[in-house]
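*Asks:* would you be able to build a 3D model of this:
(2 chains)
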Amino acid sequence: MTFNIYDFTELTRSIDDGLKAVMSPGWALFTELVLIGLVFLILYALIGLFLVYAERKVCAFIQNRLGPNRVGPVGIFQTIADLIKLLMKELIPIKNADKLLFNIAPFIVIIASFMAIAAIPFAKGLHAIDFNIGIFYVIAVSSLGVVGILLAGWSSNSKYSLIGAMRSGAQVISYELSVGLSLLTIVVFAGTMQLSGIIESQANGWWIFKGHIPAMVAFVVFLIASTAETNRGPFDLAEAESELTAGFHTEYSGIKFAFFFLAEFMNMFIVASMAVTIFLGGWMPLHFGTGNLFNHIMDFIPPLVWFFGKTFVVIYIMMWFKWTFPRLRIDQLLTLEWKYLLPINLFNILFVAFLTLMGWHF
Amino acid sequence: MGANVFMFYLFSATILFFALLAVTSRRILRAAVFLLFALVATSGLYFLLQYQFLAGVQLALYAGGIVVLIIFSILLTHHISHKFERPPVMKLFSGLLVAAIGAAVTVFSIADYPFKASAALPIDTDMRVIGLQLMGTGKNGYALPFEVISILLLAAMIGAIVIAKKKN
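*Replies:* Okay, here's the model as predicted:
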């Protein structure tokens, strides 16, 4: 078995062949499903823990504080301690709530983000499912998460939760449009919706460089709209602490609250990795021109490092947003989407279609 | 039993179970959620048939769009303590009768149709093909229905704005 950190195709194929040699195809498939599920669960937990720590440190840095610094060196075990605390906390039952929906809601939110993470290409050959409608699948699946938020708000039987859920619903339904349309500009450029195909099309340059100004515009619109779609600040009206206690998850405690919290961070990771895959070349290294020394040095850095490096840069930008801008009002939020982002996006797509027809992109 | 067959029965059982719950539940939001589960399981069937585009449409339009709108409107109009009364026996029986007739018609027409396994190559369902077909004006083109439906949608939107607009 060869192990190559630049191309995982052979590794995954040899695991597949090995499993098929010892058991029937049905059981081999089942074992693979369990293995991939386990890998994603571990990845999910690790990235979640890391992102919570990173958010607190970035926030502290921006506000000129130290942040967590007691548990472990520079506080790196702080979130693990938090996790243990959340696991041991009491789950408070709500007397007049709709118990069934109240308990289902956190799971819907987390399942939606799990479904989306399955389509993300981490490196060549390290890709759970490669649909030929990749982008469309991710957009479709990520729109399911809002159902969980709406249910949580309604079934808690509390006015704060309900107002938070209403705001979140209006926000997500509006901003989904801009997310979809801004991704569509790159689909027009690349001529495919398959995520692996889009990455292949960036072998000679990332779309943000190849696509001239329209790709830049689409990237900025995508960053704004996807920050709003993940309910993160400055668009976190759904859980505006100063007015709604904690918004839609006011009544949740312990591990159920942790599910909402974790799903929010994972959605941020998914959105950032979509931005990386579509605009910034995915796991492709940074290249300038052809065949020079710089490109060769860049080729030695493994694709996983490229992917996670770029993703964390985008995540840092999103955290920077949150701790820099004040929270918007609901009417400002809807004005931004319907009066500015959507028209910009529509004209941008027309412009991109024109560019592609004339063959003016690289 | 292959993995395919197993998944088919799993999805079908899920659809039937949640469809039944959706019509028998007396709490309206729970019914909407059960409907959501039935729709998501249906998209699973499309994935199983490897018709990924239709599965994506099912998820984005029905599960992510229509059900979210239904839940949104329930949130605006219903209180959590509201529960529907049990339907009278006559209505229950007539409903069952209509459902039985509908199911019988469907089952008979399916049993009547000679399904043949075809050796022809699967038709490419690439996005490009679907797009060209949808906008095509030649044979099997859908340009006219597409435009007619967009005018209908525009009319519906204008109507909604006029109704929702405050006087003056």
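*Asks:* next one: A:M1, what pLDDT does it get?
*Replies:* Here the pLDDT value assigned to A:M1 is 44.
*Asks:* ok, residue 54 - contacts?
*Replies:* Since you didn't name a chain, this refers to chain A. A:312, A:315-316, A:319 (C-beta atoms under 8 Å, 6 or more residues apart in numbering or on different chains). (Each C-beta comes from the backbone N, C-alpha and C, glycine too.)
*Asks:* that's the other chain; I wanted chain B
*Replies:* B:Y46.
*Asks:* just the buried ones from the contacts of A:A54, in ChimeraX syntax?
*Replies:* Here is the ChimeraX command that selects the buried residues among those (16 or more other C-beta atoms under 10 Å in any protein chain shown):
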select /A:312,315,319
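*Asks:* from the contacts of A:A54, pick the one nearest chain B.
*Replies:* Of all the contacts of A:A54, chain B sits closest to A:I315, with 24.4 Å by C-beta to the nearest C-beta.
*Asks:* now do the SS call for the closest residue to A:I36 other than its chain neighbours.
*Replies:* The shortest distance from A:I36 to any non-neighbouring residue, by C-beta to C-beta, 6 or more residues apart in numbering or on different chains, is to A:A128 (5.7 Å). Counting by DSSP: H, G, I helix; E, B strand; the rest coil, the backbone at A:A128 sits in coil.
*Asks:* ok, A:A128 touching A:F40?
*Replies:* Yes. Contact criterion C-beta atoms under 8 Å: A:A128 and A:F40 qualify, at 7.4 Å.
*Asks:* any common contacting residues for those two?
*Replies:* Joint contacts of A:A128 and A:F40 (C-beta under 8 Å, 6+ apart) are A:A118.
*Asks:* list the residues that contact A:I213.
*Replies:* Not one residue lies near A:I213 by C-beta under 8 Å, 6+ apart.
*Asks:* again, but for A:A190
*Replies:* By C-beta under 8 Å, 6+ apart, the contact set of A:A190 is A:197-198, A:201, A:207.
*Asks:* strands - which of the contacts of A:A54 land there?
*Replies:* Counting by DSSP state E, no part of the contacts of A:A54 is found in strands.
*Asks:* up against chain A, what does chain B have?
*Replies:* B:2-3, B:6, B:27, B:29-30, B:33, B:36, B:40, B:52-53, B:56-57, B:59-60, B:63-65, B:67-69, B:71-72, B:74-76, B:80-81, B:126-128 (C-beta under 8 Å from any C-beta of the partner chain).
*Asks:* let's see it at 7 Å
*Replies:* Counting by C-beta under 7 Å from any C-beta of the partner chain, chain B comes close to chain A at B:2-3, B:27, B:29-30, B:33, B:36, B:52-53, B:56, B:59-60, B:63-64, B:67-68, B:71-72, B:75, B:80, B:126-127.
*Asks:* for chain A, give me the ranges with low pLDDT.
*Replies:* Along chain A, segments meeting pLDDT under 70 span A:1-5, A:289-291, A:361-362.
*Asks:* residue in it with the shortest distance to chain B?
*Replies:* Closest point on chain A to chain B, by C-beta to the nearest C-beta, is A:S143, at 3.2 Å.
*Asks:* am I right that that residue is in contact with B:G64?
*Replies:* Yes. Counting by C-beta atoms under 7 Å, A:S143 touches B:G64, with 3.2 Å between them.
*Asks:* more neighbours: which of these two?
*Replies:* The neighbour count for A:S143 versus B:G64, taken as other C-beta atoms under 10 Å in any protein chain shown, is higher for B:G64 (27 against 24).
*Asks:* just the element for the closest residue to A:F269 other than its chain neighbours, please.
*Replies:* Leaving aside its chain neighbours, A:F269 sits nearest to A:I47 (5.6 Å; criterion: C-beta to C-beta, 6+ apart). For A:I47, the host element (DSSP states H and E) is helix A:25-62.
*Asks:* report the distance from that helix to the chain centre.
*Replies:* Here helix A:25-62 is found 12 Å from its chain centre; the criterion is C-alpha atoms, centre = their mean, to the nearest Å.
*Asks:* ok, and for the very next helix or strand once past that helix, which residues are buried?
*Replies:* Next helix or strand after helix A:25-62 toward the C-terminus (DSSP H and E): helix A:78-88. Buried positions in helix A:78-88, judged by neighbour count with 16+ other C-beta under 10 Å: A:78-79, A:82-83, A:86.
*Asks:* tell me how far A:S174 lies from A:F354.
*Replies:* Distance from A:S174 to A:F354, counting by C-beta to C-beta, to the nearest Å: 27 Å.
*Asks:* neighbour-wise, which of these two wins?
*Replies:* Legend: neighbour count by other C-beta under 10 Å for A:S174 and A:F354, higher for A:S174 (19 against 11).
*Asks:* please report how far the residue nearest to A:F269 lies from A:L41.
*Replies:* 11 Å.
*Asks:* ditto for A:L177
*Replies:* When distance is defined by C-beta to C-beta, A:L177 is 32 Å away from A:L41.
*Asks:* between those two, which is the more surrounded one?
*Replies:* Taking A:L177 and A:L41 together and counting by other C-beta under 10 Å, A:L177 has the greater number of neighbours (16 against 11).
*Asks:* where's the more buried one, which helix or strand?
*Replies:* Counting by DSSP H and E, A:L177 is found in helix A:159-190.
*Asks:* how is chain B carved up into domains?
*Replies:* With domains defined by automatic domain parsing, chain B comprises B:3-122, B:126-168.
*Asks:* winner for burial among these?
*Replies:* Of all those, domain B:3-122 has the most neighbours on average by mean count of other C-beta atoms under 10 Å in any protein chain shown, namely a mean of 14.
*Asks:* what's the closest non-adjacent residue to residue 67?
*Replies:* Going with chain A. Per C-beta to C-beta, 6+ apart, closest to A:G67 is A:A60, 2.9 Å.
*Asks:* oops, I was thinking of chain B
*Replies:* Nearest residue to B:V67, sequence neighbours excluded (C-beta to C-beta, 6+ apart): B:L36, at 4.5 Å.
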